[in-house]
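> A structural model of the following input is requested.
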Amino acid sequence: MSETHHTAAVEAVLMVVDTPVEPAALAAAIGIPEPGVRDILTRLRDEYSDPESPRGFELRETDGKWRIYSSPLYADVVATFLLDGHTSRLSQAALETLAVIAYKQPVTRGQISEVRGVSVDTVVKTLSARGLIEPVGDIAGAIQYGTTTEFLERLGLASLDDLPPLAPRLPALAELDAEGIA
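Numbering: from 1, shown residues only. Predicted coordinates for the structure are as follows:
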């Protein structure tokens, strides 16, 4: 197979996956070394994001895996098409809980409740059902939660390192831990 065919094969697989795919899986399917697949993915990402010829889609890497997404430039059009005016937004409580989990993970329900000052049982169930958080361990019998790859995808982040920094006037998490607040 030529390089053109390898590139087309990568595109074909990316068009049918419904979750991000690892370069190693693409390499195995196409029958070329993983570094070659990584080169193809990087080239395609750059080609698709060329401002001289904008496209309705982009190739993104999330947590070391790749997938084609609709372009944020056309998010309003896609939302209108898919939702037909109906939106399913997270409540303020869910957003606050998700923020605590994202920045402090792994974290237990009790720790989240301490930060928020309210019970978070229902909100944690909702976030889990939406695939935004998942159990990642336990400590002393309490389940610890962390964010999922779906969370990263929805926010358009490659990793948790891309989360914006907490407000500079807030005390550091270590200070809160020392005071027994976090």
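
> so what's the closest residue in space to Lys65 that isn't next to it in sequence up against?
The shortest distance from Lys65 to any non-neighbouring residue, by C-beta to C-beta, 6 or more residues apart in numbering, is to Pro20 (3.3 Å). Heads up, the C-betas are built off the backbone N, CA and C, glycines and all. Taking C-beta atoms under 8 Å, 6 or more residues apart in numbering, we find Pro20 in contact with Glu61, Thr62, Asp63, Lys65, Trp66, Arg67, Thr149, Glu153.

> out of those, which is most surrounded?
The most crowded member of the contacts of Pro20, judged by other C-beta atoms under 10 Å, is Trp66 (25 neighbours).

> helix, strand or coil: sort out that residue for me.
strand (DSSP: H, G, I helix; E, B strand; the rest coil).

> in what helix or strand does the nearest residue to it once chain neighbours are set aside lie?
Spatial nearest neighbour of Trp66, excluding adjacent residues (C-beta to C-beta, 6+ apart): Leu41 at 5.3 Å. Using DSSP states H and E, Leu41 maps to helix 34-48.

> ok, which stretches of this structure are helices?
Counting by DSSP state H, the segments of the chain that form helices are 3-16, 23-30, 34-48, 75-83, 92-104, 109-116, 121-129, 149-155, 173-178.

> tally of neighbours for the closest residue to Gly137 other than its chain neighbours?
Of all residues not flanking Gly137 in the chain, Gln144 sits nearest, at 4.5 Å (C-beta to C-beta, 6+ apart). For Gln144, the tally of surrounding residues (other C-beta under 10 Å) stands at 16.

> so what's Gln144 up against?
Gln105, Pro106, Val107, Thr108, Pro135, Val136, Gly137, Asp138.

> so how do I select the buried members of these in PyMOL?
Buried residues among the contacts of Gln144 (16 or more other C-beta atoms under 10 Å), as a PyMOL selection:
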select buried, resi 106+107+108
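
> among the contacts of Gln144, which lie within strands?
Judged by DSSP state E, strands contain the following of the contacts of Gln144: Val107, Thr108, Pro135, Val136, Gly137, Asp138.

> how near is the last one to Leu14?
By that I understand Asp138. Between Asp138 and Leu14 the distance, using C-beta to C-beta, to the nearest Å, works out to 36 Å.

> what's the answer for the third one, then?
Pro135 sits 30 Å away from Leu14, going by C-beta to C-beta.

> mean confidence for stretch 9-27?
Stretch 9-27 shows a mean pLDDT of 93 in the predicted model.

> distance of the nearest residue to Leu59 once chain neighbours are set aside from Phe57?
If the residues on either side of it in the chain are set aside, Leu59 comes closest to Arg45, at 4.3 Å by C-beta to C-beta, 6+ apart. Note on Arg45: its distance to Phe57, by C-beta to C-beta, is 11 Å.
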